[in-house]
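K.L.:
model the following, please.
(chains A and B)
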Number of protein chains: 2
Amino acid sequence: MFIIGELINGMYKEAGRAIREKDKSVIQRLAKRQKEAGADALDLNCGPVSKDPVLDMRWLIETVQEVVDMPLSLDSTKANVIEEGLKLVKNKAIINSTSADSEKLEILVPLAIKYNASLIGLTLDKNGVPQDKDRRLELAARIVADCQEKGFPVENLYIDPVVLPVNVAQNQAGLVLEVLKEFKIISTPAPKTIVGLSNISQGTTKRRLINRTFLSMAIAADLDAAILDPLDEELMNTLITSELILNKQIYCDSYLDAYRKR
Amino acid sequence: MFIIGELINGMYKEAGRAIREKDKSVIQRLAKRQKEAGADALDLNCGPVSKDPVLDMRWLIETVQEVVDMPLSLDSTKANVIEEGLKLVKNKAIINSTSADSEKLEILVPLAIKYNASLIGLTLDKNGVPQDKDRRLELAARIVADCQEKGFPVENLYIDPVVLPVNVAQNQAGLVLEVLKEFKIISTPAPKTIVGLSNISQGTTKRRLINRTFLSMAIAADLDAAILDPLDEELMNTLITSELILNKQIYCDSYLDAYRKR
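P.N.:
Take a look at the predicted model:
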């Protein structure tokens, strides 16, 4: 599984303060610790209250790249923030994210092509997040078709079915698990699949338990990638064990350590 | 999920000694504790070294029924042990188990009908446990057909795909997860599905982690029942949370407690 560390996000208290005060040490420690814990890429999000998101995103990228060399996921709803970020990313970039709206696709797919970036496509549009499976499939197919049309390789597209919190939309998680497999039959080659894991437990009292339980179920549904907290050790144990059970990690008595020492 | 507590089994040290010495208190405590922890039924197994399994099974049933009134799963490879047990069970009985061999089915299906018991059917025969999905399906279909022919209601049949330890047959767990859903399309009404959970982690160093990770994956594959250790609190938390995610338990902040207080 491709793991994108979620912790460098202005929404979180520690990172939010560091971004405001331009405190490099906090961000760099979060970058190094997430990498050590198993992250394959880092998500960078200036947070909802950033006054100058272009400046903040540039600062985040430069700050992180001083200490790690790894793919960076540029997480913003603003295309100009993403474009300015793409200019600075040295390793592989991931655009997080486009919706299925054509205005978004018109801008972000060409950017992904230009900068050889991966692209996360959310199955939502102006009408919001679909409450059913068919509509999610339809929006995913629209994103895939748009990528094909524009010449963006679908192997670099990650479809995100948009996980909703289990306490407010309890029937949605099961639908998401079902549709994850169905995304794979939209095209050949198939798009990859991704979830923003922590959404599932937003507002609940058992966040980590719900996150890791849902993750193992999603991995069993062939999930390719997740944005998650790699410092949650039990979550990572669940992830590694899920891959073991599905024969994607070789068993040895110390398989958890072996994974971490890769 | 229908939970069958696995702890009254002569294979385990404490229960084995209690069965040999006819120490009621140990067995009765295991019965009560498993029930309190969420078991819907109790598995009773005299263990591999019982010298008189008919006598031991009778003693187990009587001992357990002095303190709990709940379904009992009579776990023996010997038909006469099961038959003598069935005569004593006051609540619902579960026959654990038949294979797909006709000699077994000839005896055990009529017994299940006579005593209005449920029946666990393992997808194995004299050739052993299949290493592929199709053969498991074929053996399951053979058991289902035999039940239909003899007039045993398929709703009371639990098909067990036979989980193998992940450290010796690493490709099997994924096949089991796939075939669990496929068992459901063998007949209408569909047979139920069950796993002996602890097998997945036999001989590994991370038994509980592997058990609970596999359980959530199997629940996502529509598993109906499992034989497991209900005293493993984290396992039960995973089970309850899996059902929550699949919308089979209603969310409230104290959903774990609410489940346990049912």
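K.L.:
how much space between residue A:159 and chain B?
P.N.:
Distance of residue A:159 to chain B, computed by C-beta to the nearest C-beta, to the nearest Å: 19 Å. (Glycine included, C-beta is placed from N, CA and C.)
K.L.:
export the biggest strand by length in chain A as PDB, just CAs?
P.N.:
If you go by DSSP state E, chain A has its longest strand at strand A:2-9. Presented in PDB, the C-alpha positions along strand A:2-9 are these (Å, rounded to 0.1, in the frame of the first residue of the first chain):
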ATOM      1  CA  PHE A   2       1.100   3.500  -0.800                       C
ATOM      2  CA  ILE A   3       1.000   5.500   2.400                       C
ATOM      3  CA  ILE A   4       0.600   9.300   2.400                       C
ATOM      4  CA  GLY A   5       1.300  10.800   5.800                       C
ATOM      5  CA  GLU A   6      -1.500  13.200   6.800                       C
ATOM      6  CA  LEU A   7       0.100  15.100   9.700                       C
ATOM      7  CA  ILE A   8       1.400  18.200   8.000                       C
ATOM      8  CA  ASN A   9      -1.900  19.900   7.900                       C
END
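K.L.:
partners of that strand in the sheet?
P.N.:
Sheet pairing here is set by DSSP bridges, and for strand A:2-9 it gives strand A:41-45 (parallel), strand A:225-228 (parallel).
K.L.:
turn those strands into JSON lines, columns for distance to residue B:86.
P.N.:
Shown next, in JSON lines, are these (distance: least, C-beta to C-beta, whole Å):
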{"stretch": "strand A:41-45", "distance to residue B:86": "59"}
{"stretch": "strand A:225-228", "distance to residue B:86": "49"}
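K.L.:
secondary structure class for the residue in the stretch 1-150 of chain A that chain B sits nearest to?
P.N.:
Across the stretch 1-150 of chain A, the shortest distance to chain B (C-beta to the nearest C-beta) belongs to residue A:131, at 13.0 Å. At residue A:131 the chain is in coil, as set by DSSP: H, G, I helix; E, B strand; the rest coil.
K.L.:
wait, what's in contact with it?
P.N.:
The neighbours of residue A:131, taking C-beta atoms under 8 Å, 6 or more residues apart in numbering or on different chains as the test, are A:169, A:172.
K.L.:
and the strands paired with strand A:2-9 as a markdown table, adding mean neighbour count and mean pLDDT?
P.N.:
Converted to a markdown table, these look like this (neighbours: other C-beta atoms under 10 Å in any protein chain shown; pLDDT from 0 to 100):
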| stretch | mean neighbour count | mean pLDDT |
| --- | --- | --- |
| strand A:41-45 | 26 | 98 |
| strand A:225-228 | 26 | 98 |
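K.L.:
residue A:105 contacts residue A:139, doesn't it?
P.N.:
No - under the criterion of C-beta atoms under 8 Å, residue A:105 makes no contact with residue A:139, lying 11.0 Å away.
K.L.:
the residue nearest to residue A:111 when sequence neighbours are not counted: how many residues sit nearby?
P.N.:
The shortest distance from residue A:111 to any non-neighbouring residue, by C-beta to C-beta, 6 or more residues apart in numbering or on different chains, is to residue A:83 (5.8 Å). Residue A:83 has 18 neighbouring residues, counting by other C-beta atoms under 10 Å in any protein chain shown.
K.L.:
need the pLDDT of residue A:83.
P.N.:
We have a pLDDT of 98 for residue A:83.
K.L.:
can you pull the residues of chain A lying near chain B?
P.N.:
Taking C-beta under 8 Å from any C-beta of the partner chain, the part of chain A that reaches chain B is made up of A:166-167, A:170-171, A:173-174, A:177, A:200, A:204-206, A:209-210, A:213-214, A:216-217, A:219-221, A:237-238, A:241-242, A:244-247, A:250-251, A:253-256.
K.L.:
give me that answer again for 7 Å
P.N.:
A:166-167, A:170-171, A:173-174, A:177, A:205-206, A:209-210, A:213-214, A:216-217, A:220, A:237-238, A:241-242, A:244-247, A:251, A:253, A:256 (C-beta under 7 Å from any C-beta of the partner chain).
K.L.:
and the residues you listed, which are buried?
P.N.:
The neighbour count (16 or more other C-beta atoms under 10 Å in any protein chain shown) marks A:166-167, A:170, A:173-174, A:177, A:206, A:209-210, A:213-214, A:216-217, A:220, A:237-238, A:241-242, A:244-247, A:251, A:256 as buried among the residues of chain A next to chain B.
K.L.:
circling back to that earlier point, gap between the residue of the stretch 1-150 of chain A closest to chain B and residue A:172?
P.N.:
7 Å (C-beta to C-beta, to the nearest Å).
K.L.:
can you give me phi and psi for residue A:176?
P.N.:
Dihedral pair for residue A:176: phi -60, psi -40, per degrees, to the nearest 10.
K.L.:
please name the residues that touch the most centrally placed residue in chain A.
P.N.:
Nearest to the mean C-alpha position of chain A, by C-alpha atoms, centre = their mean, lies residue A:227 at 3.8 Å. Contacts for residue A:227 were tallied using C-beta atoms under 7 Å, 6 or more residues apart in numbering or on different chains; they are A:4, A:6, A:43, A:194, A:196, A:197.
K.L.:
now for the second one, how many residues are close by?
P.N.:
Counted with other C-beta under 10 Å, the neighbours of residue A:6 add up to 25.
K.L.:
how near is the residue nearest to residue A:233 when sequence neighbours are not counted to residue A:16?
P.N.:
Leaving aside its chain neighbours, residue A:233 sits nearest to residue A:37 (7.8 Å; criterion: C-beta to C-beta, 6+ apart). Distance, residue A:37 to residue A:16, by C-beta to C-beta: 21 Å.
K.L.:
past the host helix or strand of residue A:55, which element shows up next along the chain?
P.N.:
Residue A:55 is part of helix A:53-65, with elements assigned from DSSP states H and E. Using DSSP H and E, the helix or strand that follows helix A:53-65 in sequence is strand A:72-75.
K.L.:
ok, that next one: who's next to it in the sheet?
P.N.:
Short version: by DSSP bridges, strand A:72-75 pairs with strand A:41-45 (parallel), strand A:93-98 (parallel).
K.L.:
now the shortest one and helix A:53-65, what's the angle there?
P.N.:
Going by axes from the mean of the first three to the mean of the last three C-alpha atoms, to 10 degrees, strand A:41-45 is angled at 150 degrees with respect to helix A:53-65.
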